[in-house]
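Visitor: what would the 3D arrangement of this be:
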Amino acid sequence: MRDDDFPRNKNRNLMQLINDENLSFKEIIEKEQSVDQSADLYEVVGELAGSPAIKKGIFQSLKIVDEIVGIMGYPPKNIVVEMARENQTTTAGRNKSRARQKVLEDAMKELGSNILKEYPLEGANLRNDRLFLYYLQNGKDMYTGNELDINKLAYYDIDHIIPQSFIKDNSIDNMVLVSSKANRGKSNDVPSSDVVRKMINYWEKLKTANLISQRKFDNLTKGISGGLTETDKAHFIKRQLVETRQITKHVARILHQKYNTDENRPTRVITLKSALTSQFRQIYKLYKVREVNDYHHAHDAYLNGVVAQALLKVYPKLEPEFVYGDYQKFNLFKENKATAKKNFYSNLMLFFEKDQPRVDENGEILWDQKHISMVKKVMSYRQMNIVKKTEIQTGGFSKESIQAKGNSSKLIARKKGWDPKKYGGFDSPNIAYSVVITHEKGKSQKITKDIVGITIMEHKNFEENAQKFLTEKGYINPQVVAKLPKYALYELENGRRRLIASATEAQKGNQMVLPNHLVELLYHAKHYEDLNGESLKYLIEHRELFDELFETVKQFAAIYTLADKNLGILENLFEENQDADIKLTAQSFLNLMQFNAMGAPAEFKFFDTTIPRKRYTSTKELLTATIINQSITGLYETHWKLGE
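Guide: Residues are numbered from 1 along each chain as shown. Presented below is the predicted three-dimensional model:
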């Protein structure tokens, strides 16, 4: 390759070369990766790099798109692809806290600090960013060097080194704890050169002790070399828009090549970062509480479409940055330089916060605060299509633990010819699927319905000759009425739904929907530990709403959950704890959402009392229920009443 003598082009790695818009590698690779339209979708997805779980999700997503396009009758104008982030589970949170503790313990030894002796980490909630920053800064203000009071952390400011007017970056690498943001110097730039000269020696000590990263140090000290450059500001746009994960690019590529050709491109495939939707939710207080139900998935999909369309209207020149397949890239650096006076390169989402409408040069309204009323209306719809993928189970024949020898007829031989009565065996055979059958019973040969579980071990024999298989099991003149895989859905009185877990057990199949003000209550219940105190204050001022929330949970449970014994225990506990600490109440009500949650029942704690799971071990009601077969989108359904 010819050396063009530009320093930035020397010694580049492979990824830098193949993503250079001025070179032809990217286009060549794109052509080589093109999808054969006649290829089987399973085959295309199967060749992608990624775990089986990710591939399964991708395949399901592509099938959903196919079905919607089939219903519409023409290709969509836009498809927005957002790859969800990993769930922030309680376990993940605890692991995060432990990891932070290890970082601090090692770093303080290097620094020679006594702060951990004065304020031990025992019981400290290091998931809290203010507290973690306090320790990372060795208890000092990062802009003045003055001591901070660990008992007054809520009164200090968290300042963003790269201002949020440029990018929404709430990582520890971009945050410092200070007594006042005013001490940074200019509010629309990195800390001033005066601050840098005063604090750089201290920051270097923190960096040497691994209390701040090289990236954080570099951003803190940018002020001494003139602050943020135009190139920096252009880079912030890319960070907000450009999805770098390969798996997202693969999905976008498959969709792009499925619906577009070189000559005709009716469909824009937009890859959007999940952080943008999160920002939109925060701006308009569209609270998400995953514990309530599964509607948040549909809400996120809808909001991705709203945000993507708004961004494309407001920033049309940025379309090539996040619409797949556009090679004529927008020159971020040149555009930023040309429009610097207009502050073009700011946080992309700031226009959502403005009261006045965003209009183009022709006076067309691109975004208006009135639009949010429609968004909130859609978000309030109580009906969503929730489809649980049905599965015919495969894998091991039974649990792996070996049971002692005995006379039990339920034991499965460990090997062919090994009598379980002599050698022991496996129990609890795994069920592949269930079947509803009719058979004759008793002297009167009465036609009776039953549910039979077909084990993974035996399902081949069953499928070869179902009648022979069932006859050998002792059924007289058996006939198969229905084959029901795991998670098959059925409906009973008052719209009560259940999912089949096995021939002998069911799961809850309804989704509880709460009004917006109760979702807001639970959102604050989830954030009561935030050191700014806003959520805790909200809970104290709206404590009476927990009465309404409990009544809503109780009414839903009486119709759909049907766990009267547990409901009685819950009522007594709530009555006894009317004056309990608000934090305990908050956590208890978050846990309470498990009581009515769709899916397998699970135990949970309510006011420090363990509520056992209510198992639905009688599936006889299925025999007179309505079986609901759903397409992958839930837009097509067939209802079949077994009793008729």
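
Visitor: ok, and what's touching stretch 61-74?
Guide: Applying Cβ atoms under 8 Å, 6 or more residues apart in numbering, the contact partners of stretch 61-74 are 41, 45, 75-76, 79, 251, 254-255, 259, 266, 631-633, 635-636. From N, CA and C alone the C-beta is placed, and that goes for glycine too.

Visitor: so which bits of that stretch are buried?
Guide: 61, 62, 64, 65, 67, 69 (16 or more other Cβ atoms under 10 Å).

Visitor: just put these in a markdown table and tack on distance to residue 608, secondary structure and pLDDT.
Guide: Shown next, in a markdown table, are the buried residues of stretch 61-74 (distance: Cβ to Cβ, whole Å; DSSP: H, G, I helix; E, B strand; the rest coil; pLDDT from 0 to 100):
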| residue | distance to residue 608 | secondary structure | pLDDT |
| --- | --- | --- | --- |
| 61 | 41 | helix | 87 |
| 62 | 46 | helix | 89 |
| 64 | 42 | helix | 92 |
| 65 | 47 | helix | 92 |
| 67 | 47 | helix | 95 |
| 69 | 51 | helix | 93 |
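
Visitor: export those residues to TSV and tack on distance to residue 372?
Guide: Formatted as TSV, the buried residues of stretch 61-74 follow (distance: Cβ to Cβ, whole Å):
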residue	distance to residue 372
61	28
62	31
64	27
65	27
67	30
69	29
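
Visitor: so which of those residues comes closest to residue 385?
Guide: residue 64 (10.4 Å; Cβ to Cβ).

Visitor: now, which of the buried residues of stretch 61-74 sits nearest residue 176?
Guide: Once Cβ to Cβ is applied, the member of the buried residues of stretch 61-74 that ends up nearest residue 176 is residue 61, at 39.8 Å.

Visitor: now do that closest one against residue 384, distance only.
Guide: 17 Å (Cβ to Cβ, to the nearest Å).

Visitor: equivalent analysis for residue 446, please.
Guide: 43 Å.

Visitor: which one of these two is surrounded by more residues?
Guide: Each of residue 446 and residue 384 has its neighbours counted (other Cβ atoms under 10 Å); residue 384 has more, 15 against 9.

Visitor: these two touch, right, the more buried one and residue 511?
Guide: Yes: using Cβ atoms under 8 Å, residue 384 is in contact with residue 511, at 7.2 Å.

Visitor: so which helix or strand of the chain has the lowest pLDDT on average?
Guide: Using mean pLDDT, DSSP states H and E, helix 332-338 stands out as the lowest-scoring helix or strand of the chain, at a mean of 45.

Visitor: let me see the ranges of the strands in the stretch 1-150 of the chain.
Guide: Along the stretch 1-150 of the chain, counting by DSSP state E, counting those that start in this stretch, strands occupy 78-81.

Visitor: low-confidence ranges, it, go.
Guide: 1-13, 15-16, 18-19, 21, 26-41, 83-98, 123 (pLDDT under 70).

Visitor: sorry, back to before: residue 135: which of the buried residues of stretch 61-74 is nearest?
Guide: residue 61 (41.9 Å).

Visitor: which neighbours do residue 384 and residue 511 share?
Guide: Shared contacts of residue 384 and residue 511, counting by Cβ under 8 Å, 6+ apart, come down to 294, 295.

Visitor: checking the residue lying farthest from the centre of the chain next. Helix, strand or coil?
Guide: In the chain, the residue that sits farthest from the middle, by Cα atoms, centre = their mean, is residue 443; the gap is 57.1 Å. Secondary structure, DSSP: H, G, I helix; E, B strand; the rest coil: residue 443 is coil.

Visitor: phi, psi of it?
Guide: Torsion angles at residue 443 (phi, psi; degrees, to the nearest 10) stand at phi -70, psi -30.

Visitor: how about residue 584: what's its closest non-neighbour residue?
Guide: residue 607 (6.5 Å; Cβ to Cβ, 6 or more residues apart in numbering).

Visitor: check contacts around the one you found.
Guide: Contacts of residue 607 (Cβ under 8 Å, 6+ apart): 573, 574, 576, 577, 580, 584, 585, 588.

Visitor: show me which of these are buried.
Guide: 573, 574, 577, 585, 588.

Visitor: quick one: pLDDT of the closest residue to residue 78 other than its chain neighbours?
Guide: Excluding its sequence neighbours, the residue lying closest to residue 78 (Cβ to Cβ, 6+ apart) is residue 268, at 5.0 Å. For residue 268, the pLDDT comes out at 91.

Visitor: picking that back up, okay, and which of the contacts of residue 607 map to helices?
Guide: 573, 574, 576, 584, 585, 588 (DSSP state H).

Visitor: for residue 450, helix, strand, or coil?
Guide: Assignment for residue 450 (three-state DSSP): strand.

Visitor: how close does it sit to residue 592?
Guide: Separation of residue 450 from residue 592 (Cβ to Cβ): 37 Å.

Visitor: who has more neighbours out of those two?
Guide: The neighbour comparison of residue 450 against residue 592 (other Cβ under 10 Å) goes to residue 592, with 24 against 17.

Visitor: list the contacts for the more buried one?
Guide: So residue 592 contacts 550, 553, 570, 604, 606 (Cβ under 8 Å, 6+ apart).

Visitor: distance from the host helix or strand of residue 304 to the middle of the chain?
Guide: Applying DSSP states H and E as the criterion places residue 304 in helix 295-314. Chain-centre distance of helix 295-314: 15 Å, with Cα atoms, centre = their mean, to the nearest Å.

Visitor: same for whichever helix or strand comes after that helix, what does it pack against?
Guide: Downstream of helix 295-314, the first helix or strand assigned by DSSP H and E is helix 319-322. Under the contact definition 3 or more Cβ pairs under 8 Å, 6 or more residues apart in numbering; DSSP states H and E, helix 319-322 sits against helix 230-241, strand 268-271.

Visitor: weakest of the ones you listed in terms of mean pLDDT?
Guide: helix 230-241 (a mean of 62).

Visitor: could you point out the helix or strand that follows that helix?
Guide: helix 246-259.

Visitor: residues of that next one that come out buried?
Guide: 247-259.

Visitor: so residue 605 touches residue 588, yeah?
Guide: Yes: taking Cβ under 8 Å as the definition, residue 605 is a contact partner of residue 588 at 7.1 Å.

Visitor: stretch 503-519: how far from the chain's middle?
Guide: On Cα atoms, centre = their mean, the centre of stretch 503-519 falls 18 Å from that of its chain.

Visitor: an error on my part: the question was meant for stretch 579-594.
Guide: 23 Å.

Visitor: what about the closest residue to residue 177 other than its chain neighbours, how many neighbours?
Guide: If the residues on either side of it in the chain are set aside, residue 177 comes closest to residue 133, at 4.0 Å by Cβ to Cβ, 6+ apart. By the criterion of other Cβ under 10 Å, residue 133 has 19 neighbours.

Visitor: enumerate every residue touching residue 133.
Guide: 158, 172, 175, 176, 177.

Visitor: export the residues you listed to JSON lines and tack on secondary structure and neighbour count?
Guide: Shown next, in JSON lines, are the contacts of residue 133 (DSSP: H, G, I helix; E, B strand; the rest coil; neighbours: other Cβ atoms under 10 Å):
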{"residue": "158", "secondary structure": "strand", "neighbour count": "17"}
{"residue": "172", "secondary structure": "helix", "neighbour count": "14"}
{"residue": "175", "secondary structure": "strand", "neighbour count": "20"}
{"residue": "176", "secondary structure": "strand", "neighbour count": "24"}
{"residue": "177", "secondary structure": "strand", "neighbour count": "24"}
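
Visitor: what about residue 274, how many residues nearby?
Guide: Using other Cβ under 10 Å: residue 274 sits among 14 other residues.
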